[in-house]
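> sequence and predicted structure, then a few things I'm wondering about:
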Amino acid sequence: MPVSQREKKLRGEAFENIIVDELKGIGCEIYQRFRGGESSDPTPDIYAVCDGRMKRIEAKLTQAWEKEGDRVRSGRFILSEEISPKECYAFGVDDQIEESLTIDFMRKEDPDEYIRVHRKRPKYPIARMQELRNNARCFPDVGTITRPREDLLDEVRRLMSHESDR
């Protein structure tokens with residue numbers, strides 16, 4: 001079932017909130033967050049100080065499986081066409097079948113190179129991220145984080161309820 005633009009925005013914000021929780025859990029201090037459209041320059045979503053060093057992190061969430069016509073295929077991360085200055089990506093895979101949310105903090109090199117090669121609407125394959133992630137960890141001591149998918153859905157519901165309070 002297609003996801004509305006509003007729901008995509010809420011899911012992205014919910015994912016960023018989860019990333020902030022995870023970063024705090026590994027001892028990072030959140031310095032600044034940018035929401036889409038807040039800056040005319042390409043900026044990453046989260047600025048955090050981890051082990052005394054600034055980490056600029058771009059958060060990207062996708063569903064593990066996407067319907068394409070009458071078939072289902074593996075999802076892809078929609079990357080920005082403009083490369084923002086950053087050290088890491090936080091890739092989230094929302095797996096509707098396994099009922100899990102996996103998070104990988106990955107260094108920027110391969111995804112940014114992918115943007116350079118695929119300039120128009122670059123779609124970074126989940127399989128490529130999974131293949132490269134172990135050798136490209138942004139935080140060497142942090143592997144793939146697995147959370148219940150319900151955490152993401154709960155955060156989306158929380159944001160929706162706050163939206164209706166305004």
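Ah, there it is. Numbering: from 1, shown residues only.

> most centrally placed residue in the protein?
Centroid-nearest residue in the chain, with C-alpha atoms, centre = their mean: residue 60, separated by 2.3 Å.

> could you find the closest non-adjacent residue to that one?
Computed as C-beta to C-beta, 6 or more residues apart in numbering, the closest residue to residue 60 that is not its neighbour in sequence is residue 77, at 4.4 Å. Every C-beta, even on glycine, is put in place using the N, C-alpha and C of the backbone.

> ok, back up a step: pLDDT score for the residue nearest to the centre of the chain?
Looking at residue 60, its pLDDT is 96.

> sec struct for it, please.
Assigned with DSSP: H, G, I helix; E, B strand; the rest coil, residue 60 falls in the strand class.

> that one reaches residue 92, doesn't it?
Yes - look at residue 60 against residue 92 with C-beta atoms under 8 Å: they come within range, at 6.9 Å.

> quick check: buried residues in stretch 60-77?
For stretch 60-77, a neighbour-count test (16 or more other C-beta atoms under 10 Å) marks 60, 61, 62, 63, 64, 65, 75, 76, 77 as buried.

> what of stretch 12-20?
For stretch 12-20, by 16+ other C-beta under 10 Å, it's 12, 13, 14, 15, 16, 17, 18, 19, 20.

> thank you, goodbye.
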